[in-house]
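Undergrad: here are the coordinates; sequence isn't available:
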């Protein structure tokens, strides 16, 4: 399956259904599935009109705007590679990533025009700058030749371009933050992202009836590939709440009938800690998935107590391999503290240092293999080799953990973060858990 097929098929099944509802202070914008499909196709044709060879890099620097969906699915039908860039980068970090990724086209949100202007001289390879919202914003000096997104796609066909692609073709790239050194570009193919979308749709039970809220940045795999892409695959409606706040989220649940959400633990903590949380007013919200960091047990317990209709699914994954494990609501509370077990369509193991599988309860490094795993760290052969050093197709997560007899994995910490105190191995998560347990 190709990534663009997801939108095409849902647009065929649900042409007049909202695909994206964009909520921002004083603004509500709706894109129907047929409109999002048309917009994505227009962007694809405009991109192809630039005459770039297959595999050329297109970078996206934007908040969660409706155009993000069009750029994502539009690029997917061209044979070009989309580089999802963090809006949090300082100018020197942004310049480094744009150069390292060999970016030739930069699509950016007008809100970040100053940052783009600051790095332009350092990125001579970029020949095309396309700005979302340029028509209503005064761009800084140095961006006089930038094209407005609306003008860039104006007059382009709304039908899909005739480009032959294979699901093994490189499709998108995300730069990982990592724990040491510069970020690395995780290059994946269409099949890897499709496998992840199917995994999430099954594990989180996303259906066409769902209204899914997007409250984490789309430049990260969690929002883009573990919420938005599965929602489009299922034909659900996605609500972009930009910017996120506990109050804006609660209001979106009330007004849009939100049924499913993905959050990082700090967001879930903020919701669980709200002084007033009206379970009846939030009755439509029945599914919460979370990932990105360990979720304190008390947050899960508090949410279950205050919102009894809410079913929690923990997702453990990485940019390099999508979803590695999932812990569904029905395994709580008996498996509280675990990150779950392998999904139906990937392989997961805990490996010893010699690459052999560890026994139940034995410490090792979590690994995964299958169609979910990345192609490479872009232009980083040594780091790519280290990632695959276990052999037999296994990619190493860098996480230390144990697997129980039921196949559920409990993480201890990052392999590189282990401390040695008095000759004993100590993991920062153990220290954090002890601090969380203090009454103060």
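TA: Received the coordinates, thanks. Keep in mind that this is a model prediction, so the values were computed, not measured.
Undergrad: Isn't residue 70 up against residue 35?
TA: No: assessed by CB atoms under 8 Å, residue 70 is found out of contact with residue 35, at 9.4 Å. For glycine as for every other residue, the C-beta is placed from the backbone atoms N, C-alpha and C.
Undergrad: of these two, who's got more company?
TA: Neighbours per residue, other CB atoms under 10 Å: of residue 70 and residue 35, the larger number sits with residue 70, 27 against 19.
Undergrad: separation between the more buried one and residue 384?
TA: 31 Å (CB to CB, to the nearest Å).
Undergrad: What is the neighbour count of residue 377?
TA: There are 22 residues near residue 377, going by other CB under 10 Å.
Undergrad: Let me fix that, I meant to ask about residue 254.
TA: 15.
Undergrad: Would you mind pulling up the elements that the helix or strand hosting it packs against?
TA: Applying DSSP states H and E as the criterion places residue 254 in helix 246-256. Counting contacts by 3 or more CB pairs under 8 Å, 6 or more residues apart in numbering; DSSP states H and E, helix 246-256 is packed against strand 18-24, strand 211-214, strand 237-241, helix 265-272.
Undergrad: what's the closest of the ones you listed to residue 117?
TA: Closest to residue 117 of the helices and strands packed on helix 246-256 is strand 18-24 (CB to CB; 23.8 Å).
Undergrad: What average pLDDT does the closest one get?
TA: Throughout strand 18-24, pLDDT has a mean value of 98.
Undergrad: How about stretch 42-54?
TA: 98.
Undergrad: any idea how far residue 408 is from residue 327?
TA: To residue 408, residue 327 is 7 Å away according to CB to CB.
Undergrad: shared neighbours of those two, which are they?
TA: 335, 338-341 (CB atoms under 8 Å, 6 or more residues apart in numbering).
Undergrad: Mind putting those into JSON lines with neighbour count, secondary structure and distance to residue 250?
TA: As requested, those are exported to JSON lines (neighbours: other CB atoms under 10 Å; DSSP: H, G, I helix; E, B strand; the rest coil; distance: CB to CB, whole Å):
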{"residue": "335", "neighbour count": "19", "secondary structure": "coil", "distance to residue 250": "29"}
{"residue": "338", "neighbour count": "23", "secondary structure": "strand", "distance to residue 250": "29"}
{"residue": "339", "neighbour count": "23", "secondary structure": "coil", "distance to residue 250": "27"}
{"residue": "340", "neighbour count": "23", "secondary structure": "strand", "distance to residue 250": "28"}
{"residue": "341", "neighbour count": "20", "secondary structure": "strand", "distance to residue 250": "32"}
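Undergrad: The strand or helix carrying residue 12 vs strand 18-24, what angle?
TA: Applying DSSP H and E as the criterion places residue 12 in helix 3-13. Interaxial angle, helix 3-13 versus strand 18-24 (axes from the mean of the first three to the mean of the last three CA atoms, to 10 degrees): 100 degrees.
Undergrad: what residue ranges in the chain are flagged as low confidence?
TA: The model of the chain has pLDDT under 70 over residues 177-181, 294, 413-430, 433.
Undergrad: swap the cut-off to 50 and go again
TA: Low-confidence segments of the chain (pLDDT under 50): 179, 423.
Undergrad: So which residues of it form helices?
TA: Using DSSP state H, the helices assigned to the chain run over residues 3-13, 33-48, 66-76, 91-100, 113-119, 149-153, 190-203, 221-223, 229-234, 246-256, 265-272, 297-306, 381-387, 428-437.
Undergrad: can you tell me which residue is nearest the centre of this structure?
TA: Nearest to the mean C-alpha position of the chain, by CA atoms, centre = their mean, lies residue 221 at 1.7 Å.
Undergrad: Isn't residue 242 up against residue 23?
TA: Yes: counting by CB under 8 Å, residue 242 does reach residue 23; the two are 7.0 Å apart.
Undergrad: Same list, the helices of the chain, but as CSV with distance to residue 184 please.
TA: Listed next are the helices of the chain as CSV, based on distance: least, CB to CB, whole Å:
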stretch, distance to residue 184
helix 3-13, 22
helix 33-48, 25
helix 66-76, 21
helix 91-100, 9
helix 113-119, 20
helix 149-153, 29
helix 190-203, 16
helix 221-223, 14
helix 229-234, 22
helix 246-256, 32
helix 265-272, 24
helix 297-306, 30
helix 381-387, 6
helix 428-437, 22
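Undergrad: Which of those sits closest to residue 143?
TA: Using CB to CB, the nearest of the helices of the chain to residue 143 is helix 113-119, at 5.4 Å.
Undergrad: And that closest one, what's buried?
TA: By 16 or more other CB atoms under 10 Å, the buried positions in helix 113-119 come out as 113, 115-119.
Undergrad: Let me see the contact set for the residue lying closest to residue 98 once chain neighbours are set aside.
TA: Distances taken as CB to CB, 6 or more residues apart in numbering put residue 123 closest to residue 98, at 4.9 Å, once the chain neighbours are dropped. Counting by CB under 8 Å, 6+ apart, residue 123 touches 95, 98-99, 103, 106.
Undergrad: repeat for residue 262
TA: With contact taken as CB under 8 Å, 6+ apart, residue 262 is in contact with 212, 214-216, 222-223, 226-227, 288-291, 315.
Undergrad: try 7 Å this time
TA: 216, 222-223, 226-227, 289-290 (CB atoms under 7 Å, 6 or more residues apart in numbering).
Undergrad: so how far is residue 371 from it?
TA: According to CB to CB, residue 262 stands 22 Å off from residue 371.
Undergrad: again with residue 26
TA: Residue 26 is 43 Å from residue 371, by CB to CB.
Undergrad: Also residue 85?
TA: Plainly put, residue 85 is 25 Å away from residue 371 if you go by CB to CB.
Undergrad: got it, and residue 263?
TA: From residue 263 to residue 371 the distance is 27 Å (CB to CB).
Undergrad: Comparing the two, which shows the higher neighbour count?
TA: More crowded of residue 263 and residue 371, by other CB under 10 Å: residue 263, with 23 against 15.
Undergrad: That one touches residue 222, doesn't it?
TA: No: at 9.2 Å, residue 263 does not count as touching residue 222 under the criterion of CB atoms under 7 Å.
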